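>>> After the sequence you'll find the predicted model.
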Amino acid sequence: MVDAFESAARPPDAVIDAEAREAISTIVGLQTGDGGFPFGSRNRESVPYNSVHVAHGLVVARDNGYVVPESTYNGA
């Protein structure tokens, strides 16, 4: 998607890649015991609306070569 925007302000691919990996790591840490994802922090109840969007994002990330832990992916 980022490739659709040709801009001098576009970060280098390495920066985009690092930020994507960091975001995935953060998301993995938010997953609750029921496999869902809450608003804001892990110690909250999961929200189905969030969980659907996060699960889709994990599929897209994995399809684009990013590592998503198997337990997170299967639990989502």
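Sure thing, it's come through.

>>> I'd like the next helix or strand past the top helix by length along the chain.
Taking DSSP state H as the criterion, the chain has its longest helix at helix 13-30. Using DSSP states H and E, the helix or strand that directly follows helix 13-30 along the chain is helix 48-63.

>>> outside of that following helix, which residues touch it?
With CB atoms under 8 Å, 6 or more residues apart in numbering as the test, helix 48-63 has contacts from 20, 24, 27, 35-39, 68, 72-73, 76. Every residue, glycine included, has its C-beta placed from N, CA and C.

>>> what packs against the next helix or strand after that helix?
The first helix or strand that comes after helix 48-63 along the chain, using DSSP H and E, is helix 70-75. On a contact count with 3 or more CB pairs under 8 Å, 6 or more residues apart in numbering; DSSP states H and E, helix 70-75 meets helix 48-63.

>>> avg pLDDT for the helix it packs on?
Helix 48-63 comes out with an average pLDDT of 95.

>>> C-alpha coordinates for it, PDB please?
Below are the C-alpha coordinates for helix 48-63, written out as PDB (Å, rounded to 0.1, in the frame of the first residue of the first chain):
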ATOM      1  CA  PRO A  48     -14.900  -8.700  18.800                       C
ATOM      2  CA  TYR A  49     -14.800  -5.700  16.500                       C
ATOM      3  CA  ASN A  50     -11.100  -5.200  17.200                       C
ATOM      4  CA  SER A  51     -10.300  -8.900  17.000                       C
ATOM      5  CA  VAL A  52     -11.700  -9.200  13.500                       C
ATOM      6  CA  HIS A  53      -9.600  -6.300  12.300                       C
ATOM      7  CA  VAL A  54      -6.500  -7.500  14.000                       C
ATOM      8  CA  ALA A  55      -6.900 -11.000  12.700                       C
ATOM      9  CA  HIS A  56      -7.200  -9.700   9.200                       C
ATOM     10  CA  GLY A  57      -4.100  -7.500   9.700                       C
ATOM     11  CA  LEU A  58      -2.200 -10.600  10.900                       C
ATOM     12  CA  VAL A  59      -3.200 -12.500   7.700                       C
ATOM     13  CA  VAL A  60      -2.100  -9.600   5.500                       C
ATOM     14  CA  ALA A  61       1.200  -9.300   7.400                       C
ATOM     15  CA  ARG A  62       1.900 -13.000   7.100                       C
ATOM     16  CA  ASP A  63       1.000 -13.000   3.400                       C
END
